[in-house]
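Participant: Compute the structure for the input listed below.
(chains A, B, C and D)
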Protein chains: 2
Amino acid sequence: MQALTLPLSQAISQDTVTQGTPSQPTLQDVADRCGVSTATVSRCLNAPDRVGKDTRDRVLAAIDALGYAPNFGARLMAAGRSNTIGAVIPTMENAIFAQGLQAFQDGLHQAGFTLLVASSGYDPQVEADQVRTLASRGADGLLLIGQGRDKAVYDLLHARGLPALLAWTYRADAPHPAIGFDNVAAMAELADAVLDQGHRRIGYISADTTTNDRAAERLAGVRAAMARRGLSDGDLELCTVPYGIETGAQAFRTLMTQTNRPTAVMCGNDVLAAGAMGAARDLGLAVPKDVSITGFDDIELAQVTSPGLTTVHVPHAQMGAKAADALVARVAQDAPLISVKLPTRLVMRGTLGPAP
Amino acid sequence: MQALTLPLSQAISQDTVTQGTPSQPTLQDVADRCGVSTATVSRCLNAPDRVGKDTRDRVLAAIDALGYAPNFGARLMAAGRSNTIGAVIPTMENAIFAQGLQAFQDGLHQAGFTLLVASSGYDPQVEADQVRTLASRGADGLLLIGQGRDKAVYDLLHARGLPALLAWTYRADAPHPAIGFDNVAAMAELADAVLDQGHRRIGYISADTTTNDRAAERLAGVRAAMARRGLSDGDLELCTVPYGIETGAQAFRTLMTQTNRPTAVMCGNDVLAAGAMGAARDLGLAVPKDVSITGFDDIELAQVTSPGLTTVHVPHAQMGAKAADALVARVAQDAPLISVKLPTRLVMRGTLGPAP
DNA sequence: TTGTACGCGTTATCAA
DNA sequence: TTGATAACGCGTACAA
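Facilitator: Below you'll find the model as predicted:
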């Protein structure tokens, strides 16, 4: 809590407070410097082929010399486009979205677009706010996570004519274009693998299913798989907590201190599962000998638990890259947004074993 | 690689391509609707106390009814401020910066500022580009990671009058305001703990020290601690790799397959250490019985390895929050940026033991 | 191929 | 307390 602070005299010498922002070079400055009009300079940047070669060279040299950079606000106002894509993700705290977002950003950057990232903390109200903010900042398109949100948000997008692509989700019946995977089927497949090992008493650690449709879908997947084997809801011990390592650990302790405790604990994602692994270690439970644990997402975390976490691999990078391509095509060439379903696959590492 | 695609007819029906962006309500629209001037409406948003109460109520109602949101470009151009802070971080791929950035974002959001995040991939050239981009987008201030970058970047910031705060680093002799911790001293302290356990043959897995000054400082810390005990550089086996779980694992294998292998492997951060843990497991080496491993940063990852990773705790959240406060104060009230040194502390979990 | 001139939506200055 | 009005910097018809 206590922080050492530099002596003031030394510290402020490092950042002389500006008196009156030094004004940036403008299009006019560049134009003056090489005796052309602002229109020509503008064209050099936006349509170089519509300018004479020698003129262009001269102008570009002047731009370089002056360190000119276009004023974003002016450009946004004049052109109505910002070459910006916004993304609202639930959280930056854990790495669930990191890899996908990085790929998304790379794809956008290659196409000359800038990414604006905002996070909502899984709060629909905050998400709506962030969408509004990004829209008002002139984002040309938006990437949102999941399907479930207030109709008002979709209305806003529609009213603004703002293209939005949903990610980390795919459902055949979904009313909005999305790129992602079938959370229900993927988790059901994993549940099948668990049931194949003879487990009949299943614990499930989930994130809040009311504000997180991926969480809801994954839970539905487990239930579907169990139902297909004639198991009832009573055979599933559900524990709902916010995403987090520590919350996952707590949930695991709760599940395992009950009478008739589960032989396998499935988790809504790898972060929760990692917490469960830690709790198992602390409880002196061997995984998978005493209890099996599974995750979902296959983020880095899943490789470093011991043993490695059995989970569902999600094609993060592919999803991010494809989302970028799709949004760029939509914005730059009016190509329609098309829903895409990506494959997932089970990753059997070491945390799933036969029921004791 | 293969992705299922919806039948086109179904897919495109979901995103009717807009023909001509529906124009947004403007200040003028709001003004017309309640018979006042645009100036009054503007004041209602920016200085509510300078407007009569009933007028204000009427205007705010109209704003709500029309779903008006200010045009960012116009506002930026007219006011010269954007209420935006930019951050350029080396990577979003792993969680090194996640927690600090989340706190930073929360702090900014509370103060009514928006965060723009860009990442550089540890490439100084890309970082310079991102700084330029953020500047041209009207960022009022910038958060950058570490001290080491081209002078041209600092020149650009200065020329623009753009306040910048450096984070994840603190050095008494640094020429720019920074909020962070002493990487050298912190790693030296950890190295002391390792040496106290009798280790004399140390392996060190580092990130590239030429483009990453935090990595360089941490390495320097280890060297300093060893020198103080009369150990030479020859007692330190150095392996430099890019940050990553898998690269950390490879580096560990390299170190441990040499003759006269180290009894302790220190890592430049937790991500590398987590990779090393995985490799140790695969090599059948018990930690810390056969080999000790240490990390740095104390990110989530450090809690889920087994045993838990001995590492250096960094006050991510505190750093992010303080950075946000400082930049907001600088931008909103012209308060000078002051360098702040935050404390770190050793976290002894289970991966450091006595030398065999 | 190049230049002229207007408008984009907001803030801020000044006057009422 | 309110209103009229001049910037702000750029893109783009339209004209030359």
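
Participant: Now do the closest residue to DNA strand C within the stretch 151-300 of chain A: how many residues are near it, please.
Facilitator: For the stretch 151-300 of chain A and DNA strand C, the shortest gap (C-beta to the nearest atom of the strand) falls at residue A:160, measuring 12.4 Å. For glycine as for every other residue, the C-beta is placed from the backbone atoms N, C-alpha and C. Close neighbours of residue A:160, defined as other C-beta atoms under 10 Å in any protein chain shown, add up to 22.

Participant: Residue A:137 is in contact with that one, correct?
Facilitator: No. With contact defined as C-beta atoms under 8 Å, residue A:160 and residue A:137 do not form a contacting pair (11.8 Å).

Participant: Measure how buried the nearest residue to residue A:169 once chain neighbours are set aside is and give me the count.
Facilitator: Computed as C-beta to C-beta, 6 or more residues apart in numbering or on different chains, the closest residue to residue A:169 that is not its neighbour in sequence is residue A:180, at 4.3 Å. For residue A:180, the count of nearby residues is 28 (other C-beta under 10 Å).

Participant: show me the contacts for residue A:180.
Facilitator: A:166, A:167, A:168, A:169, A:170, A:319, A:340, A:341, A:342 (C-beta atoms under 8 Å, 6 or more residues apart in numbering or on different chains).

Participant: these two touch, right, the third one and residue A:104?
Facilitator: No. If you go by C-beta under 8 Å, residue A:168 and residue A:104 don't touch, sitting 11.3 Å apart.

Participant: So for the two, which residue has more residues nearby?
Facilitator: More crowded of residue A:168 and residue A:104, by other C-beta under 10 Å: residue A:104, with 29 against 26.

Participant: and the angle for the helix or strand harbouring the more buried one with helix B:98-110?
Facilitator: Using DSSP states H and E, residue A:104 sits within helix A:98-110. Orientation of helix A:98-110 against helix B:98-110 (axes from the mean of the first three to the mean of the last three C-alpha atoms, to 10 degrees) gives an angle of 70 degrees.

Participant: which bits of the stretch 1-150 of chain A sit near DNA strand D?
Facilitator: A:23-24, A:26-28, A:38-39, A:42-43, A:45-46, A:68, A:70-71, A:74-75, A:77-79 (C-beta under 7 Å from any atom of the strand).

Participant: List the contacts of the strand or helix carrying residue A:323.
Facilitator: Using DSSP H and E, residue A:323 maps to helix A:316-333. Identification of contacts with helix A:316-333 by C-beta under 8 Å, 6+ apart yields A:81, A:85, A:99-108, A:110-111, A:113, A:140-141, A:143, A:163, A:165, A:167-168, A:179-181, A:299, A:335-338, A:340, A:342, B:1, B:3, B:15.

Participant: dump the residue contacts of the residue nearest the centre of chain A.
Facilitator: Central residue of chain A (C-alpha atoms, centre = their mean): residue A:97, 3.7 Å from the mean position. By C-beta under 8 Å, 6+ apart, residue A:97 lies in contact with A:89, A:90, A:91, A:145, A:168.
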